[in-house]
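A.B. asks: model the structure of this input:
(4 chains)
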Number of protein chains: 2
Amino acid sequence: MTSRADAKDATRRRLLEAAGEVIREQGAPALSLREVARRAGIVPSAVYRHLASRDELITQLVLAAYTSLAEHLETTVAASSPSWRTAADALREWTLAHVHEFQLIYGTPVPGYRAPEETITAAARVAAVFLQVGAVSGAPPDALAEQLREPAAQLGTDVTTLARTLADLSQLVGLLTLELGGHFVGTADPAQGLWDEVVARQAAERAPSR
Amino acid sequence: MTSRADAKDATRRRLLEAAGEVIREQGAPALSLREVARRAGIVPSAVYRHLASRDELITQLVLAAYTSLAEHLETTVAASSPSWRTAADALREWTLAHVHEFQLIYGTPVPGYRAPEETITAAARVAAVFLQVGAVSGAPPDALAEQLREPAAQLGTDVTTLARTLADLSQLVGLLTLELGGHFVGTADPAQGLWDEVVARQAAERAPSR
DNA sequence: CATATGAGTGAACACCGTTCTCTCAACGGA
DNA sequence: TCCGTTGAGAGAACGGTGTTCACTCATATG
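C.D. replies: Predicted coordinates for the structure are as follows:
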């Protein structure tokens, strides 16, 4: 028995799938609500029966991108050794295969768009993978340690590992951002070699967990 | 004697200034050619007497942003000690004061926009500052060294310094990108403490040039 | 069976980038 | 000095966008 509610859910799903296609093909800024409606076989105004606005559509896609990345990291790490190198390379692999989704997450926020609460928890799932594969010793400066004490406890790690993980993850995201943005053209493009060198240095500072 | 050519140049300058204002206030994605025309006291179609398209307008703004950043770095480094820390902190200072311009350079490329040749040379000027303040010793892996040999020679530096500078700069850009994107909310936001720790570590690996 | 609900429609609004034709003031040459 | 050329700007129009609103009408429910 297909109820009306089921039909509505199906349409909503079709909308999100169509939007996902557009993003994958052309990137987020080119995403048009009317184009999505067209692909879903619906008139533009009908989209508003399922989504409050274009912003909510984008929010859903951001969440989907986070989930996709987190799952890729989790399964890759689970399938091989839980090392920093494995996680880092999985990040690069996913990014190169999902350029537009990477930029949707880590690139410039869309015009009027402001990330809602939900996306923060989704982002935490990505960070969690890296936190688990790379404990590090030593101690950050007092001010930073103070700031990170509570977050570290909440994430089940220590301030040193948290600080280093955030720092190293920033470097990985920065490398990918600059590579995708064409900033290495003329120097380290393609950036695989630079990536490998950076990841090797990051891994060397961690306990060999394999 | 104000010739017609002078008047044209003045109008073009007014257009670019208006566009700069919009970017500063609302960011690049919100930049509308019609709004720029309005602020310049001109009808939209007249803009095309001065610019080929919205893309060229954006290209001009990208170049202006690179120039602004490069000049800030150069004057700051020249005014105080030419150390890595000075350059890095100048980068952060400029970024926090010019958020939208930073994202224009390092964020997601605008929809159909593709960076032309000119921007690459403008970007090199920024990198040059960092290359000059932080020589580093050691040697990168063979493959990377091979790839960077020619670019390094062209930039008047060695492969080791180039590799490390690109890697460290990526980390700085990554930190700023994540901070501006709200990715540190709940952990290291505001990110000044994390920034200081990262820069200190980067500086420690360089020859004390002060 | 009557009624209320709500997914989908189509027209409209104000915005966008871009193209076209037109005007008309300023310029250079005769 | 006149006169033809040039080119900056105007204005209308095209097809695109996000969003709102009154409407239909099949479905689910009392």
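A.B. asks: what helices or strands is the top helix by length along chain A leaning on?
C.D. replies: With secondary structure taken from DSSP state H, chain A has its longest helix at helix A:54-79. Other elements packing on helix A:54-79 under the criterion 3 or more CB pairs under 8 Å, 6 or more residues apart in numbering or on different chains; DSSP states H and E are helix A:4-26, helix A:33-39, helix A:84-97, helix A:99-106, helix A:117-133. C-beta here means a position set from N, CA and C on the backbone, and glycine is covered the same way.
A.B. asks: near the closest residue in space to residue A:191 that isn't next to it in sequence, how many other residues are there?
C.D. replies: Nearest residue to residue A:191 in three dimensions, chain neighbours excluded: residue A:179, at 4.3 Å (CB to CB, 6 or more residues apart in numbering or on different chains). Around residue A:179 sit 22 other residues, with neighbours defined as other CB atoms under 10 Å in any protein chain shown.
A.B. asks: right, and the helices and strands packed on helix A:54-79 - which one's nearest DNA strand D?
C.D. replies: Nearest to DNA strand D, of all the helices and strands packed on helix A:54-79, is helix A:33-39, at 3.3 Å by CB to the nearest atom of the strand.
A.B. asks: could you pull up phi and psi at the residue of chain A found nearest DNA strand C?
C.D. replies: Per CB to the nearest atom of the strand, residue A:45 is where chain A lies closest to DNA strand C, at 2.7 Å. Here is the backbone geometry of residue A:45 (degrees, to the nearest 10): phi -60, psi -30.
A.B. asks: kindly report the same for residue A:137.
C.D. replies: Residue A:137 has phi and psi values of phi -110, psi 170 when expressed as degrees, to the nearest 10.
A.B. asks: unless I'm mixing things up, it is touching residue A:160, no?
C.D. replies: Yes - the criterion here is CB atoms under 8 Å, and residue A:137 meets it with residue A:160 at 6.5 Å.
A.B. asks: so what's the spatially closest residue to residue A:74 that is not a sequence neighbour scoring on pLDDT?
C.D. replies: Here the nearest residue to residue A:74 in space, its sequence neighbours aside, is residue A:129; by CB to CB, 6+ apart that works out to 6.1 Å. Residue A:129 carries a pLDDT value of 97.
A.B. asks: and if you look at residue A:118?
C.D. replies: Reported pLDDT for residue A:118: 83.
A.B. asks: residue A:121 now?
C.D. replies: Looking at residue A:121, the pLDDT reads 85.
A.B. asks: show me the contacts for the spatially most central residue of chain A.
C.D. replies: Nearest to the geometric centre of chain A sits residue A:66, at 4.3 Å (CA atoms, centre = their mean). Applying CB atoms under 8 Å, 6 or more residues apart in numbering or on different chains to residue A:66 gives the contacts A:105, A:119, A:122-123, A:125-126.
A.B. asks: closest to residue B:155 out of the residues you listed?
C.D. replies: Nearest to residue B:155 among these: residue A:105, at 32.0 Å, using CB to CB.
A.B. asks: how many neighbours does that closest one have?
C.D. replies: 25.
A.B. asks: gap between the closest residue to it other than its chain neighbours and DNA strand D?
C.D. replies: Distances taken as CB to CB, 6+ apart put residue A:65 closest to residue A:105, at 5.3 Å, once the chain neighbours are dropped. Here residue A:65 is placed at a distance of 18 Å from DNA strand D (CB to the nearest atom of the strand, to the nearest Å).
A.B. asks: now do residue A:200
C.D. replies: For residue A:200, the distance to DNA strand D - CB to the nearest atom of the strand - is 44 Å.
A.B. asks: likewise residue A:148?
C.D. replies: 37 Å.
A.B. asks: test my guess that residue A:18 contacts residue A:41.
C.D. replies: No - Residue A:18 lies out of contact with residue A:41 (CB under 8 Å); the separation is 9.0 Å.
A.B. asks: helix, strand or coil for the residue nearest to residue A:191?
C.D. replies: What DSSP: H, G, I helix; E, B strand; the rest coil gives for residue A:179 is helix.
A.B. asks: quick one: contacts for it?
C.D. replies: A:189-191.
A.B. asks: just the buried ones from the residues you listed?
C.D. replies: residue A:191 (16 or more other CB atoms under 10 Å in any protein chain shown).
A.B. asks: now the contacts of residue A:179 in a markdown table, with secondary structure?
C.D. replies: Shown next, in a markdown table, are the contacts of residue A:179 (three-state DSSP):
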| residue | secondary structure |
| --- | --- |
| A:189 | coil |
| A:190 | coil |
| A:191 | coil |
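A.B. asks: okay if I get the contacts of residue A:179 as a markdown table plus pLDDT and distance to residue A:99?
C.D. replies: Below are these laid out as a markdown table (pLDDT from 0 to 100; distance: CB to CB, whole Å):
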| residue | pLDDT | distance to residue A:99 |
| --- | --- | --- |
| A:189 | 91 | 15 |
| A:190 | 94 | 14 |
| A:191 | 97 | 13 |
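A.B. asks: and residue A:133, how many neighbours?
C.D. replies: Other residues close to residue A:133 by other CB under 10 Å number 22.
A.B. asks: shaky segments in chain A?
C.D. replies: Scanning chain A for pLDDT under 70 picks out the ranges A:1-4, A:6, A:110-116, A:207-210.
A.B. asks: how about the residues of it near DNA strand D?
C.D. replies: Proximity of chain A to DNA strand D (CB under 7 Å from any atom of the strand) is limited to residues A:2-4, A:31-35, A:44-45, A:47-48, A:53-55.
A.B. asks: which of the residues you listed are buried? Put it as a ChimeraX command.
C.D. replies: Applying 16+ other CB under 10 Å to the residues of chain A next to DNA strand D leaves a buried subset, and the ChimeraX line that selects it is:
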select /A:31,33,35,47,54
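A.B. asks: export the helices and strands packed on helix A:54-79 as a markdown table, with columns for distance to DNA strand C.
C.D. replies: Below are the helices and strands packed on helix A:54-79 laid out as a markdown table (distance: least, CB to the nearest atom of the strand, whole Å):
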| stretch | distance to DNA strand C |
| --- | --- |
| helix A:4-26 | 4 |
| helix A:33-39 | 8 |
| helix A:84-97 | 29 |
| helix A:99-106 | 21 |
| helix A:117-133 | 22 |
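A.B. asks: for residue A:206, what are its contacts?
C.D. replies: Applying CB under 8 Å, 6+ apart to residue A:206 gives the contacts A:84, A:134-136.
A.B. asks: and if you look at residue A:72?
C.D. replies: With CB under 8 Å, 6+ apart, residue A:72 has these contacts: A:90, A:93-94.
A.B. asks: domains in chain A, by residue range?
C.D. replies: By the assignment in automatic domain parsing, chain A contains the domains A:1-51, A:60-204.
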